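A.B. asks: Quick one: sequence and predicted model below, then my questions.
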Amino acid sequence: MSQKIPGFSTLAIHAGAKPDPATGARITPIYQTTGYVFDDADHAASLFGLKAFGNIYTRIMNPTQAVLEERIAALEGGTAALATASGHSAQHLIFHTIMRPGENFVAARKLYGGSINQFGHAFQNYGWEVRWGDVNDVSTFESQIDDKTRAIFIESLANPGGEFVDIEAIGNIARKHGLPLIVDNTLATPYLVRPLEHGADIIVHSLTKFIGGHGNSMGGMIVDGGTFDWSKSGNYPMLSEPRPEYGGVVLHETFGNFAFAIACRVLGLRDIGPAISPFNAFQILTGCETLPLRMQRHCDNAITVAGWLSNHPKVAWVSYPGLAGDKNHALQKRYSPRGAGAVFTFGLKGGYEAGVKLVEGLELFSHLANLGDTRSLVIHPASTTHRQLTDEQKIAAGAGPDTVRLSIGIEDSNDIVADLEQALAKV
Amino acid sequence: MRHIHPMNHDSYDDSYISGILDGVKTIAMAGASANDVRPSYFVMKYLLNKGFSVIPVNPGQAGGQILGQDVCAKLSDIPVAIDMVDVFRNSSAIPGIVDEVLALDPLPKVVWMQLGVRHDEAAVRLEEKGIQVVMNRCPKIEYGRLSGEIGWTGVNSGVLSSKRPVMRQGFQSFGIRQK
């Protein structure tokens, strides 16, 4: 006996979204409310004590947000999910749930610059130590694991260089050492890569990027893969020990394979507070319905643009794994056969100055600090997203001084190429 | 004795689970706890709120009450016919429970073993007597999943539907659609 699992495009539209039972509204309403009426004192006590399913307060849960959570959990193949105000706050809640002061985790050195800052600076104030590993030499992850290590963190498709990571190889190390593998799947989205199928245990997203897709709403998401045994080692007491916040409930024992998502909500979101706005959840839900169509178009446009750039006489190099000669092409074919994503970097023979001139000469591309928008975007990482890093860190992160990052939109590819052509002519 | 095909207990169709939850009224909960943070207490409270009659079974609590319900020492002490036995005991206790179940007259329709509990030989013994078996599942989670309530907590229910959820009395309470 087995049930047919619907296809990705069907899930992208339907998962989590039944008609509103009171009104028949087919589109998920924006439940713009802070609180929810209880039947009586016993009902309220059941909800506060986690004994009944239901809504209490929008800092902890909201019905619009809940549809978005079930939608992304279904698209990733996870057991449950938790939406947050941003991808950064999602990461904050994940590490709050698994780390105590004096413990450490190993993270890929090539990450979104904001994550490098969060891990390297903000987390230090909590006594959570990050150790940097090189995804091209997975032994650098294993060699840094000790008895205080609690997790491994990577991006499936690394920002800003657009490089695919060997998730299975790093997942094997995590499993060998009894650690959860956390994967930021923002740049790939589950349309291209589903890391839970390759050994990940927890997925994190900035929904602000391709999943929302229209550059209009911030949001983050934690997806629980339901794969990790939180009780085995005794190193994750938020899940395996009686919680005084809830009168002694043991979350892993009570909620089984979705206990991590519950812990992030009822211990992390409840007490730290980065709730997503119901309006943002609604906007992101609408965007999510067209994720498969948009993501394919993003990829199709990106390979066209990357191929054109790689033949341009003023271009020194293009780092796009979709190109046949790219060092990352084999990993792309293995992990992301539908396409190589829409974010990549290139350098101009004229170096830093030419890069700045190019960015200033573009008319269709917008010069701003986001990616994964319908619009084509351009940024110079060394002076913006990766500005706080040292020169050495910038180069290690794939954001050297000559590097220009593009996020290719879903406009007509001829127009995207034409804009680059006219701007390159002025360099 | 009727011949049956071996049941697959690795995964269950939603229709199998909803048929059970729609069909049973009286549930004996073996291993019920009076401790209000134990999973069995959560489940018993939830099932009572959904209109099931739940009889707690626990020799250590016999003669007392849990959630206002009289506690029996063993299944054979229950004075009414029961539709389902929900087992909150570990796998090693299952053969003894099955002996108790098969001595009941009338037999229950369903034996349900909680998350983490699985005993395939015991399941075969029960199924040979026409008793439906569910293992390694929680009736609260399954009820919440099939009614849609569990989605409020961001859980992937695996259920897609363009039909109206079934509303029960009071706020924030859904029921399971009749198949």
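C.D. replies: Sure, I can see it. Model, not experiment: these values are computed from the prediction.

A.B. asks: residue ranges of the helices in the stretch 101-250 of chain A, please?
C.D. replies: Read by DSSP state H, counting those that start in this stretch, the stretch 101-250 of chain A holds these helices, from start to end of the chain: A:113-120, A:139-142, A:167-176, A:189-192, A:237-240.

A.B. asks: any idea of the mean pLDDT in the longest one?
C.D. replies: Per-residue pLDDT values over helix A:167-176 give a mean of 98.

A.B. asks: follow-up on the earlier one: buried deepest among the helices of the stretch 101-250 of chain A, which one?
C.D. replies: Between those, the one whose residues have the most neighbours on average, counting mean count of other CB atoms under 10 Å in any protein chain shown, is helix A:189-192 (a mean of 26). For the C-beta atoms, the positions are set from N, CA and C on the backbone; glycine is no exception.

A.B. asks: I'd like to know which of the helices of the stretch 101-250 of chain A lies nearest to chain B.
C.D. replies: With CB to the nearest CB as the criterion, chain B lies closest to helix A:189-192 of the helices of the stretch 101-250 of chain A, at 12.4 Å.

A.B. asks: Please state the offset of that closest one from the chain centre?
C.D. replies: Helix A:189-192 has its average C-alpha position 11 Å from the chain's average C-alpha position, going by CA atoms, centre = their mean, to the nearest Å.

A.B. asks: can the helices of the stretch 101-250 of chain A go into JSON lines with extra columns for distance to chain B?
C.D. replies: Conversion of these to JSON lines gives the following (distance: least, CB to the nearest CB, whole Å):
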{"stretch": "helix A:113-120", "distance to chain B": "23"}
{"stretch": "helix A:139-142", "distance to chain B": "29"}
{"stretch": "helix A:167-176", "distance to chain B": "21"}
{"stretch": "helix A:189-192", "distance to chain B": "12"}
{"stretch": "helix A:237-240", "distance to chain B": "14"}
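
A.B. asks: Up against chain B, what does the stretch 201-350 of chain A have?
C.D. replies: For the stretch 201-350 of chain A, the residues found near chain B under the criterion CB under 8 Å from any CB of the partner chain are A:242, A:246-250, A:253-254, A:256, A:258, A:261-262, A:265.

A.B. asks: switch to 6 Å and redo it
C.D. replies: Counting by CB under 6 Å from any CB of the partner chain, the residues of the stretch 201-350 of chain A close to chain B are A:Gly247, A:Gly248, A:Val249, A:Thr254, A:Gly256, A:Phe258, A:Ala261.

A.B. asks: top of these by neighbour count?
C.D. replies: Ranked by neighbour count (other CB atoms under 10 Å in any protein chain shown), those have A:Ala261 at the top, with 28 neighbours.

A.B. asks: neighbouring contacts of the helix or strand containing that residue?
C.D. replies: In this structure, A:Ala261 sits in helix A:259-263 according to DSSP states H and E. Taking CB atoms under 6 Å, 6 or more residues apart in numbering or on different chains as the criterion, the residues outside helix A:259-263 that touch it are A:Ala80, A:Ala81, A:Leu82, A:Thr97, A:Asp224, A:Met238, A:Leu239, A:Leu251, A:His252, A:Phe255, B:Gly154.

A.B. asks: If you average the pLDDT over whatever helix or strand A:Met295 lives in, what comes out?
C.D. replies: A:Met295 is part of helix A:291-310 when elements are defined by DSSP H and E. Averaging pLDDT along helix A:291-310 gives 98.

A.B. asks: All set, thanks.
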